[in-house]
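In: Got a sequence here, can you model it:
(chains A, B, C and D)
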4 protein chains.
Amino acid sequence: MRTAQEYRESLQKMRPNVYKFGEPIGDVTTHPATRRAVAGHAQIYDAAQRAEYQEILTTLSSLSERVSRYLSIIGSADDMILNVRMKRLMFNLTGTCTGGRCVGFNAINSMWASTYDMDHDLGTDYHPRVKKWLASAQKEDIALAGALTDPKGDRSKRPLEQDDRDMSLRMTAKEGDGGIVVRGAKVMIAGAAEANEVFVLPGTGYKEGESEYAISFVIPRDAQGLTVVEARHPSDGRDLESGFDNPVELGGITQGYLLFQDVHVPRERVFMAGEWKHSLRAVLNFIAPYRSAIGGCVAGQGDVMVGAAALMARANGLSEKVFRDKLVQMTVNNETTFGLGIAASVMGKLHPSGAWIPDAKLANVNKVHVATLPYETKRLAQDIAGGIAETGCLPSAQDISSPIYGELLQKYLKAGTDGETRAKAARLIEWLTIGEGVPGCMHGGGSPDGARLMINALAEIEANIKLARKVADIKEVSAPEK
Amino acid sequence: MRTAQEYRESLQKMRPNVYKFGEPIGDVTTHPATRRAVAGHAQIYDAAQRAEYQEILTTLSSLSERVSRYLSIIGSADDMILNVRMKRLMFNLTGTCTGGRCVGFNAINSMWASTYDMDHDLGTDYHPRVKKWLASAQKEDIALAGALTDPKGDRSKRPLEQDDRDMSLRMTAKEGDGGIVVRGAKVMIAGAAEANEVFVLPGTGYKEGESEYAISFVIPRDAQGLTVVEARHPSDGRDLESGFDNPVELGGITQGYLLFQDVHVPRERVFMAGEWKHSLRAVLNFIAPYRSAIGGCVAGQGDVMVGAAALMARANGLSEKVFRDKLVQMTVNNETTFGLGIAASVMGKLHPSGAWIPDAKLANVNKVHVATLPYETKRLAQDIAGGIAETGCLPSAQDISSPIYGELLQKYLKAGTDGETRAKAARLIEWLTIGEGVPGCMHGGGSPDGARLMINALAEIEANIKLARKVADIKEVSAPEK
Amino acid sequence: MRTAQEYRESLQKMRPNVYKFGEPIGDVTTHPATRRAVAGHAQIYDAAQRAEYQEILTTLSSLSERVSRYLSIIGSADDMILNVRMKRLMFNLTGTCTGGRCVGFNAINSMWASTYDMDHDLGTDYHPRVKKWLASAQKEDIALAGALTDPKGDRSKRPLEQDDRDMSLRMTAKEGDGGIVVRGAKVMIAGAAEANEVFVLPGTGYKEGESEYAISFVIPRDAQGLTVVEARHPSDGRDLESGFDNPVELGGITQGYLLFQDVHVPRERVFMAGEWKHSLRAVLNFIAPYRSAIGGCVAGQGDVMVGAAALMARANGLSEKVFRDKLVQMTVNNETTFGLGIAASVMGKLHPSGAWIPDAKLANVNKVHVATLPYETKRLAQDIAGGIAETGCLPSAQDISSPIYGELLQKYLKAGTDGETRAKAARLIEWLTIGEGVPGCMHGGGSPDGARLMINALAEIEANIKLARKVADIKEVSAPEK
Amino acid sequence: MRTAQEYRESLQKMRPNVYKFGEPIGDVTTHPATRRAVAGHAQIYDAAQRAEYQEILTTLSSLSERVSRYLSIIGSADDMILNVRMKRLMFNLTGTCTGGRCVGFNAINSMWASTYDMDHDLGTDYHPRVKKWLASAQKEDIALAGALTDPKGDRSKRPLEQDDRDMSLRMTAKEGDGGIVVRGAKVMIAGAAEANEVFVLPGTGYKEGESEYAISFVIPRDAQGLTVVEARHPSDGRDLESGFDNPVELGGITQGYLLFQDVHVPRERVFMAGEWKHSLRAVLNFIAPYRSAIGGCVAGQGDVMVGAAALMARANGLSEKVFRDKLVQMTVNNETTFGLGIAASVMGKLHPSGAWIPDAKLANVNKVHVATLPYETKRLAQDIAGGIAETGCLPSAQDISSPIYGELLQKYLKAGTDGETRAKAARLIEWLTIGEGVPGCMHGGGSPDGARLMINALAEIEANIKLARKVADIKEVSAPEK
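Out: Reported below is the predicted structural model:
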């Protein structure tokens, strides 16, 4: 398996098609806009080499030998539990999201099952293509991003009703050899800059007549015709500064807009090309493990928030015991999303392809919590930390080292520890709660309203009515017509 | 295994030592104060005979053959998951708690592990006693209640500081043959009237000098010297009425005060007799599965509340779809406690005795939710149901059948269905949310404050501080002395 | 002004047209089903005579002299504030609702304004009728209930679409002298049994063609053709018992079904008779003060819950300081609904008739809190009180005084105080949180969903969009067509 | 009264003692770090000149003529209500806090009352000094900041126990003519850069022996020996950019660290100089109006969030009606804090000095809501807005206008409106919820824990116990000794 150094070198060899602030990013491993996120993803390669993390970060593949879990098929409840724990671990180590690998991981698993079904139903040969590509990806131990979200345009209209049919990524041509040409965009794609390849899925379930949008494939991140523009984050101006105002060096998020200008995808990397009837299932196969595992993500960041808040209490000269109730509530929040991720994992089912599909109802219930509980956890972290951290109400690192008044600032920032240490702890709280470390837990993997719609669809209201009627011996009451 | 009829007969054969309203209850299977609770527990025996429920309600014992799960050792995560599902099922079937079996079940498992440890540490022979008794209990398929809670007296004092040392159940004598004599009380004991035997555990962890309180044993519910006084419930006056104002005939709760007036327990039924060092662990061994499985309980009642609320919407002439958001929230609440029960089950560990101990942190996090979410679920059920069900704002069944004005009431109660059906649905909502069906989910199995204390003890604040420090490269900050 | 004794005598003189459990209630002042509620309402007459409560409970009428505030026109923000405080006071004194007076009070004020508008718009003479009747009601100092809620039948249909057009109260005839005949019912009417007269309002806004339903009038509670059937409450079986299991002797709620079988109302008591265009406004004029003042109601009961919980803590042997955070949260809840009632009062407007109409948006915001916060307050009271109070998990008063085991029960109930006192405190918690004392705060005065609809109608989304656009200099964005 | 232009000129005339990023800010009205905040404060001067806002923003002073409300004595409940409305208005107009005037306003009122009391109790002449200074401040119509918060150092120690006694601002000398010299710092001071003068209050209540800390005075912001270092905010790097990534030009916050290096304050500007017994009251006099009016602040920003969220829905191609429930909840939150501010205002009392002191209990209840509800409002705004706004997941303005791919980005950002408009709306949501617009509502004016402590002190637990005992006729239960 790759070392972190080999990972960095693999990124350096790629075509520089990533931009931010209107400028190309020459080397993503050193450019201030991306180097922290690359460092975060590099921690995965580092940790996978260490015995203590091997159970979580690696597994034995049926296709080759010991491989990164991020490039594996989730074959059992146990695998899925280790996935949830892996997410928690990586947030523990980087403080934030390493989305440049986990979305790709989910995409592999989704299409592992969906290509199996397509081949079974339609006689296609997609599943062997996935298998072959995956074996090689495992061998090279690539970093793989995943891409679902389309720009979509006007939300009240379907793709072909838009003024411009490119508003969802689409296949503009099928080539004689089975390759395809795609045009459009995928937006808010985590970790593209940190990835070697990108696994593309359909963004939603498509209907008859919309087959041009029902596409899945994998391409190098630096493919011809593909341009990546990185989005801004809160306080990302600090990436360009020195000093500790961006307090985390070994973790970071990027979310890119992937612009496809007639990109060619060769046959062996095409996994869906118009089979619209299977597009919804591909999305659902993605959602179930994603919305389960994200419970580990927010728990993992929650762990860091518990620690940062307790650290800040000490830095203020107080025992963290003063804030026991709040720290317990933060812990309850962390364990709730983690636990529901575990529960969804365990209550899942094995797909005939060998992929384990977590329970959809529990996964979506978890998504609802993931979109709400971390907000409370952040609020409590700010509550414990005091005004200095609430909105980062603290002079800059430059000011703190000013020859004119830096000494005075350090004098007045001193409390339970020296002024600079306290300032760094406050910056960490800011970073976690209102700064660059905040991941997109509400809409990442779909919105909570979407999750509620799925819970509604999966809720067994009729069965529950029957229980109620039986308990109290009540006759049937029909639903009103309107 | 026993039939329901055999279960009823076993109860009828017992000494009538159960009282309510100052009077003895002759036959618990027919007396209005207890017959519904007996009917609820009888459903367990009925269901265990049916193929569809056999996986959940029975298991293969290492001690004998197919036995009731309620009399089994939880030997794996899978067993524990089935326990959570069993609780949900029984609430589904009875609308409420069948505590006369589940507490006993937890008590067996706690002492299975604790007697193993005692024998290992102290050279006692308690574990074989449990094993022998259990084999016979399984064979007879008894209904077994469990008893932990002591009166305790003044909460600010320890047992021996009380004015009266009987305020916690205690051993007043050890007999030559190894039997013991006990005096005191256990209070708020679920299902004593519905049980053949009662498994007694220490109510808390005891300290040196308090060994008289560190006792565990099992006795017949009608043992000499034992008197059971059943507590009141909300609206329990309706038990004595005819008509549908107590709408549930096949389920009910009893919670009794067990008064021990120098009760003799023979050697083979004594499982702890003074080993105070093991008392806390016995309680913890009880708490972990109990606080996990209770997530299934409240989910099971929540299912009935979802159904009753949807039914009531229809009875009011409205589609339940009008209340989609509220029903989804109720479902989220149900699946949250169920899911955390599953998670605690899965993340547990095998005790050397062969008993599976669920994860304590997740179990206690679940207890916190169990003490809060059902209140929201009840509120939402009332919200959907309308004023007629909120405080049971509806004339009595007698009024509805009054020859003078009953017809008028029925006319005006009519909405999406006839008046009487709507009235019954409203009574079910009342029963579930503010009536006899409300189980003691807040303090049952211990208070939420107790759970929070355990979460605090299990939270890894120091480890989390270390994560935070590492993420932002912050030096160590010591906790203040005071 | 009347004394409590005169009030009781006035009730005793009335025709016995009140029923419960299928039987007529001969004397509402002594019958166990109503005597507590009468005693609660009698406290108003008592307190109005006492100097300390005079500012709150009485006022100077423009029509006569010092009168009960319950029979006054709310003429200013200050009057309205005193109304909110009066509700809080009465819940403080009785522990629950004295709805037999406050709904009538709101009805007077609503129709004071609406008759003024009708006379102005239509040339009718309703306002002088209200004035004349009110002067006499003030003089006699009557207890006046109010009645809005119609049975309504199928909620998905309008009144004339129902199978039976009586499903909302309607005028079946207009007599030559201006009197009317009414048929139908008003349901869940608070305090009818405790009232001398009933003020009837339209239950909703009616449309063209539905004028038969647009009616308002006042009648004696014992009018010919009117039958009152009292609804059940949680645990109302205890009303018939002796002992302290119904712990409150001087307060109680009744909610009746009023069956109108062609009741004649003479001209001078008719205040609306078909003017459907004014029916919605009459309801809105009722809602604004009602939903403001109800914030005082739930705060008043909340005060008692704070006290009961603190008392129970002491009875358990603990200082209430242990529960500081919970008691503070309960206090926050109380002051929130009280404060929003005050705010709605102050931000109101004077109607040309001289009636003060509180701010509708704040009143409805308060209604949303009134339908949720008390549920949290109740939960916290149970949390503090312990299992003994959660579901009334305590033997009956008869058991506690049993000659056989009563002494033992008292021994084991003892904690921070003697057993009986502790039992009484636990019964009070039960009564407040899951017993007879629970008022219908969720649907009383309309449902929270209704309040949310009004907030939506009153929210100034367009104005807020304009603010947002101006702040960030964003051009206009039109709403989509569909 | 001053025009906005005169206000700007007054700032330009001042000594450049304000710093950020290690550099002095030459002209605060044009420097990118401060010009938006100055523009926000200038809006106050502009609006005060306009008829539509005159009632809210100005008042008639007893000392001179029509003056800015920010320089007036709050003399009645009506004045206080207008204060709450003024805060809401200014957040409506600027999208954020104009703290450079409101803290000073509260400070004036606090010391108006406290100097009156000191003069009364101690025979000092502080009150006439305040009066004289205020008359002149009104005449010049100055912008006045206020400063309370001291660095405090180790929170577990009192000021004189700190290693360095400068950790709270202190008087190092009293001069012969009654002037004083002060050293130390005030930190996180809103709007210092936008103010002409700064009104200093004691940061907490001091005890005997700590009189050097009990000081109050007013000084020019550019006084000799005073240095202001401005703190960073989230995303404040964008202040230095062009383009719309900082979307608000006419509003902004600054929070400064004020370093006092032996600053001389002349006699006529000294309002407390060692009278430690009056220091706590000065703080409490400040807190009551501050914690009331802040309810208007967060409601005012909430209005903008409602508008921004609805605007974003439209920009996404959806009607805001889809999000009705969420917008209603946001509105409920806004009106709750606004309403409680009104209630605290109305239930206040007149101090003998003529200053109106709002009700402390309601003010502190409001502070608790102010520290929690806006977090929910922000979450709902992000929920409605979609992933594009959650963490500002959108390329920079430079990218959107890139000659290489800007057109493509604009194409794909298009939805219910053109791409750039939608991007600006998303930036506004980001600014309001996780960017520069977020005010310090949790710790501003003190922490929610501090508010809870005050509620605990003001809660009438004993009185409530008495109510409970009376309602259920329960005898007295004494509190346990420990």
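In: Only C-alpha atoms from now on, for both contacts and neighbour counts.
Out: Fine.
In: Does chain B have contacts with stretch A:357-365?
Out: Yes - using CA under 8 Å from any CA of the partner chain, a contact is recorded between stretch A:357-365 and chain B, made by A:Leu362, A:Val365.
In: Contacts for that stretch next, please.
Out: Contacting residues not belonging to stretch A:357-365 are listed as A:77, A:80, A:285, A:288-289, A:291-292, A:340-341, A:343-351, A:451-452, A:454-455, A:458-459, B:332, B:335-336, B:339 [CA atoms under 8 Å, 6 or more residues apart in numbering or on different chains].
In: what ranges do the strands span in the stretch 101-250 of chain A?
Out: Counting by DSSP state E, counting those that start in this stretch, the segments of the stretch 101-250 of chain A that form strands are A:144-147, A:170-174, A:180-190, A:197-200, A:215-220, A:226-230.
In: Buried deepest among those, which one?
Out: Ranked by mean neighbour count under mean count of other CA atoms under 10 Å in any protein chain shown, the strands of the stretch 101-250 of chain A are led by strand A:144-147, which reaches a mean of 28.
In: Which strands and helices lie in contact with that strand?
Out: Helices and strands touching strand A:144-147, as assessed by 3 or more CA pairs under 8 Å, 6 or more residues apart in numbering or on different chains; DSSP states H and E, comprise helix A:99-122, strand A:180-190, strand A:197-200.
In: Go through those and name the closest to D:Tyr53.
Out: Set against D:Tyr53 and scored by CA to CA, those come closest in strand A:180-190, at 43.0 Å.
In: is that closest one up against chain D anywhere?
Out: Yes - part of strand A:180-190 sits near chain D under the criterion CA under 8 Å from any CA, namely A:Ala185, A:Met188.
In: Partner strands of that strand and their direction?
Out: Applying DSSP bridges to the sheet, strand A:180-190 is found paired with strand A:170-174 (antiparallel), strand A:255-265 (antiparallel).
In: picking up where we left off before, now mean pLDDT too, for the helices and strands packed on strand A:144-147, in a markdown table please.
Out: Putting the helices and strands packed on strand A:144-147 into a markdown table (pLDDT from 0 to 100) gives the following:
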| stretch | mean pLDDT |
| --- | --- |
| helix A:99-122 | 97 |
| strand A:180-190 | 98 |
| strand A:197-200 | 98 |
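In: List the contacts of the spatially most central residue of chain A.
Out: The structure's chain A has its C-alpha centroid closest to A:Gly99; by CA atoms, centre = their mean the separation is 4.0 Å. Contacts here follow CA under 8 Å, 6+ apart; on that basis A:Gly99 touches A:Ala145, A:Ala190, A:Gly191, A:Ile253.
In: and the stretch 101-250 of chain A, which of its residues are near chain C?
Out: When proximity is defined as CA under 8 Å from any CA, the stretch 101-250 of chain A approaches chain C at A:Ser156.
In: can you tell me the residue of the stretch 101-250 of chain A closest to chain B?
Out: A:Val248 (4.9 Å; CA to the nearest CA).
In: Spatially nearest residue to that residue (excluding sequence neighbours)?
Out: Excluding the flanking residues, the one nearest A:Val248 by CA to CA, 6 or more residues apart in numbering or on different chains is B:Ala472, at 4.9 Å.
In: Would you convert the helices and strands packed on strand A:144-147 into CSV that also reports distance to B:Ala4?
Out: Compiled in CSV, those are given as follows (distance: least, CA to CA, whole Å):
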stretch, distance to B:Ala4
helix A:99-122, 47
strand A:180-190, 59
strand A:197-200, 58
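In: Show the contacting residues for the nearest residue to A:Pro358 once chain neighbours are set aside.
Out: Nearest residue to A:Pro358, sequence neighbours excluded (CA to CA, 6+ apart): A:Gly348, at 3.8 Å. By CA under 8 Å, 6+ apart, A:Gly348 lies in contact with A:Ala77, A:Trp356, A:Ile357, A:Pro358, A:Asp359, A:Ala360.
In: Could you list the contact residues of the stretch 351-482 of chain A toward chain B?
Out: Counting by CA under 8 Å from any CA, the residues of the stretch 351-482 of chain A near chain B are A:362, A:365-366, A:416-417, A:421, A:424-425, A:428, A:452, A:455-456, A:459, A:461-475, A:477-482.
In: From these, list the buried ones, please.
Out: The neighbour-count test (16 or more other CA atoms under 10 Å in any protein chain shown) applied to these identifies A:362, A:365-366, A:416-417, A:421, A:424-425, A:428, A:452, A:455-456, A:459, A:461, A:464-474, A:477, A:479-480 as buried.
In: Give me the subset of those that lies in strands.
Out: Among those, DSSP state E puts none in strands.
In: what's the closest of the contacts of A:Gly99 to A:Asp27?
Out: Distances from the contacts of A:Gly99 to A:Asp27 were compared by CA to CA; the smallest belongs to A:Gly191, at 14.8 Å.
In: need the contact list for the closest residue in space to A:Asn83 that isn't next to it in sequence.
Out: The shortest distance from A:Asn83 to any non-neighbouring residue, by CA to CA, 6+ apart, is to A:Ala293 (6.5 Å). A:Ala293 is in contact with A:Asn83, A:Val84, A:Lys87, A:Phe338, A:Gly341, counting by CA under 8 Å, 6+ apart.
In: A:Phe271 now?
Out: Applying CA under 8 Å, 6+ apart, the residues near A:Phe271 are A:Met111, A:Thr115, A:Tyr126, A:His127, A:Arg129, A:Val130, A:Ile215, A:Ser216, A:Phe217.
In: hang on, it is in a strand, isn't it?
Out: Yes - with the criterion set as DSSP: H, G, I helix; E, B strand; the rest coil, the secondary structure at A:Phe271 is a strand.
In: For it, give me the pLDDT.
Out: pLDDT recorded at A:Phe271 is 98.
In: Equivalent analysis for A:Ile342, please.
Out: The pLDDT attached to A:Ile342 in the predicted structure is 98.
In: Spell out the secondary structure type for it.
Out: Local secondary structure at A:Ile342 is given as helix here, using three-state DSSP.
In: quick one on the thing from earlier: ok, and the most crowded of the contacts of A:Ala293?
Out: Each of the contacts of A:Ala293 was scored by neighbours using other CA atoms under 10 Å in any protein chain shown; the highest score is A:Gly341's, at 37 neighbours.
In: so who does the nearest residue to it once chain neighbours are set aside touch?
Out: Leaving aside its chain neighbours, A:Gly341 sits nearest to A:Ser292 (4.2 Å; criterion: CA to CA, 6+ apart). Applying CA under 8 Å, 6+ apart, one finds that A:Ser292 lies in contact with A:Val84, A:Leu340, A:Gly341, A:Ile342, A:Ala344, A:Ser345, A:Pro358, A:Leu362, A:Ala363, A:Asn364, A:Asn366, A:Lys367.
In: any idea which of these is closest to C:Gly392?
Out: Of all these, A:Leu340 has the smallest distance to C:Gly392: 33.1 Å, by CA to CA.
In: coming back round to it: now the strands paired with strand A:180-190 in a markdown table, with mean pLDDT?
Out: Formatted as a markdown table, the entries for those read as follows, by pLDDT from 0 to 100:
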| stretch | mean pLDDT |
| --- | --- |
| strand A:170-174 | 97 |
| strand A:255-265 | 98 |
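In: Those: which one's closest to C:Met167?
Out: Using CA to CA as the measure, strand A:170-174 is the one of those that comes nearest C:Met167, at 57.9 Å.
In: For the spatially closest residue to A:Ile388 that is not a sequence neighbour, the count of nearby residues, please.
Out: Spatially, and ignoring its direct neighbours in sequence, A:Ile388 is nearest to A:Leu394 (6.0 Å; CA to CA, 6+ apart). Counted by other CA under 10 Å, the residues lying close to A:Leu394 total 28.
In: for A:Leu394, helix, strand, or coil?
Out: Assigned with three-state DSSP, A:Leu394 falls in the coil class.
In: Residue ranges in chain A under the pLDDT threshold?
Out: Low-confidence segments of chain A, defined by pLDDT under 70: A:64, A:482.
In: Apply 80 and report the result again.
Out: When residues are selected by pLDDT under 80, those of chain A lie in A:62-64, A:481-482.
In: Count the residues that sit near A:Tyr405.
Out: With other CA under 10 Å as criterion, A:Tyr405 counts 18.
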